[in-house]
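Enquirer: here is my input, please return the structure:
(2 chains)
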Amino acid sequence: MNNLEQEITKKITTIIDVNHLDVLIISDIYNIQYATNIKIPCAHAQSDLRMFALLKKNNNPIVVVPKCWENFVKESNHNVDVFAYSLQHDQLASAIKMVFKKCSSAKRFGSDDELISIKISEMIKKEIAALGSEHIACADDIMGARSTKTKTEIKHLKSIAMKTDHAINGYYHHLIADRSKSSMSISENLRIHSLERDIYLEGYNACSRGVIGNSISNIWSYAPKFGFAASDFTEIGDTIIADAMNNENGYWSNSTRIAIMSEEMSDEQEIAYRHLVELRKILCNSLRVGLRCCEVYQDVVEKATNLGIEIIDGHALGFNVGVSPMEGPFLSLGDQTILKKNMILILDGLVKYKSLFYRSRDTVLLDIDEVKVINDYKSWEEPYFALNTI
Amino acid sequence: MSKMNDILLSSAEKQTLTEKIENKMKSNGYDALLVFGSSNITYLSCGIVFPYLDQKVVQPVALYICYKTGKRIIVCTNDLADIPKQLNWNGEVVIYNLNEQTPEASIAEVLKNYISSKVAIDENYMTAAQIKALKKSISGLVTVSGDQVFDDLKLLKTDAEIRLLEIACRMGDRGFISALNHSEGAALDALSYPLWEYAERFRVHVGEYGGSCVGNMVVVQGKDCKELYARCEPRAVLNETGFVRLEYSLHNSGYWITGSRTVYLGQTNEQAERAWKNNQTLKNIALKNLRTGVKSSEVYNAVKRLSEELNIPFWEGIDLGHGVGTREREAPFLAPYDDTLITEGMVIVLGVYTYGNDKELICNKDVYVVTNDEPRLLNWYKNWDDLYILYGTSARHG
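Expert: Numbers count the residues shown, from 1 in each chain, chains lettered A, B, ... in the order given. Model (predicted):
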């Protein structure tokens, strides 16, 4: 086992021990990746094909997959025992049957079935009941484990966060203020510049998009082509808001940065960007290990309001990142989760100024007495300024 | 405007689909529905697409429709609230704030103000945590599974849905051809061409041809081509003479297709040509059996029988095809476990994975709409019956 697998196995073992489990059945694809290092790139989109992991103390993980994914899974991790169900019978029923065949003697079943569909959750509970065994809900335990990062996870997340900032900056370097760019070209080039930095090829949620000019009056402009808009072109002085989500070693970055198609900002841009910088400072100053997420949220909202910063009502000011690009806890009014050392949060700086939305996302590592920004390839005290024709 | 550029459902087309859905719901005794699955939201709202819902990159969204009151509501967080408006949603948009411990509890607290009667829900998608939160917030909530009705509705496409899928096919083929065009001038040069760039050129060009999003993207060559998927190493380049396969999915305004295209890198040989011909033989057998009134499983079984007779083995690890629509894989499945009758109006992706000389998996998928006569090809943009040779060299010309 490599370092990451050892670290995560230790955490999973703790969950098994604390809950006195004979077996832990994991159904959520992100949890499966977390616990076994196995990731199927299209699993969330092809949900008629189901994968399950069974974890027992001091045993290799067992992974149940459809036949079509069997070899890929075996190649992904040689320390798991892989069992595949065939095409002969109903796929879900076959998978569930195989899962319970592998753990029929267990008396206490842990499960993260709260995170998956009602249908599968009920099938799992029914099978456990049929065995006369006990069902222990473990979704919160696993999400709790995921929320604080191990040494290797921090290394991976730091790497991809910085690479993504580098990639955004690398693309911005090509901007020339008086040469118009389409939002589509920006989207494409953000991805190309990410891939040039050895990130992993990803479809789906490897989001990259550039929203420009007055289109930033919508947070998700260009529906339904969120990352592919072709008809919107920059003009001199426009704001560009670039989103990029990238993956490396199974861990995600989730970043947003601003460029200005000019060597200076307009008065409005100046004020809006200052609000973003101030909001980041307030957030970093308010985040403390031991505080609840909702306490941080309330504190930040109050301070921002006092400074005349218009933030979005009810919008979470941050969230966790790890094997998925967005996960709890959330820096929101309702989230009571206590902040802990080694959480890695995306600070979702989003302010409104004169009907336009300005966004900048920082990634921070929480330590006992420090909040460290880990995606600052350059200082974002000011946005990126494009040169005029050179 | 050319029908191939008309990439959204028109108002009249939305109305047709809305009536189809409403009639089916009512005939099954359902007065209201509440769904959280991305494909159900797109289908039942007739074209509203949210970004990255399945991947959970945004907070949950719910669609509630009550046929008794005529209420049509999308419930979402503030950041997503402008999307329905951009897509001409004719119902309400209700925003929920993250005021509760979890997003599921937060959305449930808002939904309680609207749901009063029995609702059909999507148990295949809605999470157990979500239904728990709904039951806690809405006293006396009565739910029934609407999955079968939703799936039945989606099986048969309207003409407009077929058009959106046909456009998606054209986008995919044009995207793929563009990836080939970019790489074939450089793949055999000293610098060669990165595997990721081959896939990325596909994505970029799908966008340029009007696509809404690219999903799955896997590119395999050499020994990796023996597997359905393999990790694409960041520094890998097209440098192994032999088969190269791209697996992909994409959508046009919420209507997804999947694809698989295999080409040959370098000068081909007799074995490779024969392997390709064998692939076409089995695919054509599947196509010949794709007829109304035939069970989906029978299409698979017919290929299996002929495969044995002709001694052309195929990979039996995956179905030979499946339906497409607001999800990239939906019923029917051309597999032994599915006895759904093939019916006019189904749109099905068809492809057989056969073997190359070194056991590489070769596949060439196409999309067809089932008619009462022969299936009509929707991937008509380019004919792929002959093995495509990825070969050439040039100075880089951009």
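Enquirer: show me what the host helix or strand of B:Asn284 is packed up against.
Expert: Assignment of secondary structure by DSSP states H and E places B:Asn284 within helix B:270-289. Helix B:270-289 is packed against strand B:255-265, helix B:296-310, strand B:347-350, strand B:354-355, strand B:361-362, with contacts defined by 3 or more CB pairs under 8 Å, 6 or more residues apart in numbering or on different chains; DSSP states H and E. Every C-beta, even on glycine, is put in place using the N, C-alpha and C of the backbone.
Enquirer: just send those back as TSV, with mean neighbour count too.
Expert: As requested, the helices and strands packed on helix B:270-289 are exported to TSV (neighbours: other CB atoms under 10 Å in any protein chain shown):
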stretch	mean neighbour count
strand B:255-265	25
helix B:296-310	18
strand B:347-350	26
strand B:354-355	21
strand B:361-362	25
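Enquirer: can you count the residues close to the closest residue to chain B within the stretch 251-390 of chain A?
Expert: Nearest residue of the stretch 251-390 of chain A to chain B, counting by CB to the nearest CB: A:Gly314, 2.4 Å away. Counted with other CB atoms under 10 Å in any protein chain shown, the neighbours of A:Gly314 add up to 17.
Enquirer: can you tell me, leaving aside adjacent residues, what's nearest to it?
Expert: Spatially, and ignoring its direct neighbours in sequence, A:Gly314 is nearest to B:Asn97 (2.4 Å; CB to CB, 6 or more residues apart in numbering or on different chains).
Enquirer: was I right about the one you found contacting B:Cys76?
Expert: No - in this structure B:Asn97 lies outside contact range of B:Cys76 using CB atoms under 8 Å: 11.1 Å.
Enquirer: now A:Ser47: how far from A:Leu287?
Expert: Shown here: A:Ser47 relative to A:Leu287, a distance of 36 Å by CB to CB, to the nearest Å.
Enquirer: low-confidence stretches in the stretch 201-350 of chain A?
Expert: Across the stretch 201-350 of chain A, the ranges flagged by pLDDT under 70 are A:205-206.
Enquirer: and it, which residues reach chain B?
Expert: Residues of the stretch 201-350 of chain A found near chain B (CB under 8 Å from any CB of the partner chain) are A:201-205, A:207, A:218-228, A:230, A:245, A:254, A:312-316, A:324-328, A:330, A:332-336, A:350.
Enquirer: show me which of these are buried.
Expert: By neighbour count, with 16 or more other CB atoms under 10 Å in any protein chain shown, those hold A:201-205, A:207, A:218-228, A:230, A:245, A:254, A:312, A:314-316, A:324-328, A:330, A:332-335, A:350 as buried.
Enquirer: narrow these to those in strands?
Expert: Judged by DSSP state E, strands contain the following of those: A:327-328, A:330, A:350.
Enquirer: for the closest residue to chain A within chain B, what are its contacts?
Expert: When scored by CB to the nearest CB, chain B has B:Asn97 as its residue closest to chain A, at 2.4 Å. By CB atoms under 8 Å, 6 or more residues apart in numbering or on different chains, the contact set of B:Asn97 is A:313-315, A:332-333, B:77-78, B:106.
Enquirer: how close does it get to A:Val296?
Expert: Using CB to CB, B:Asn97 is found at 16 Å from A:Val296.
Enquirer: and B:Trp380, by the same measure?
Expert: Going from B:Trp380 to A:Val296 by CB to CB gives 56 Å.
Enquirer: could you pull out the helices for the stretch 1-150 of chain A?
Expert: Per DSSP state H, counting those that start in this stretch, the stretch 1-150 of chain A carries helices over the ranges A:3-18, A:29-36, A:70-76, A:91-101, A:118-130, A:139-147.
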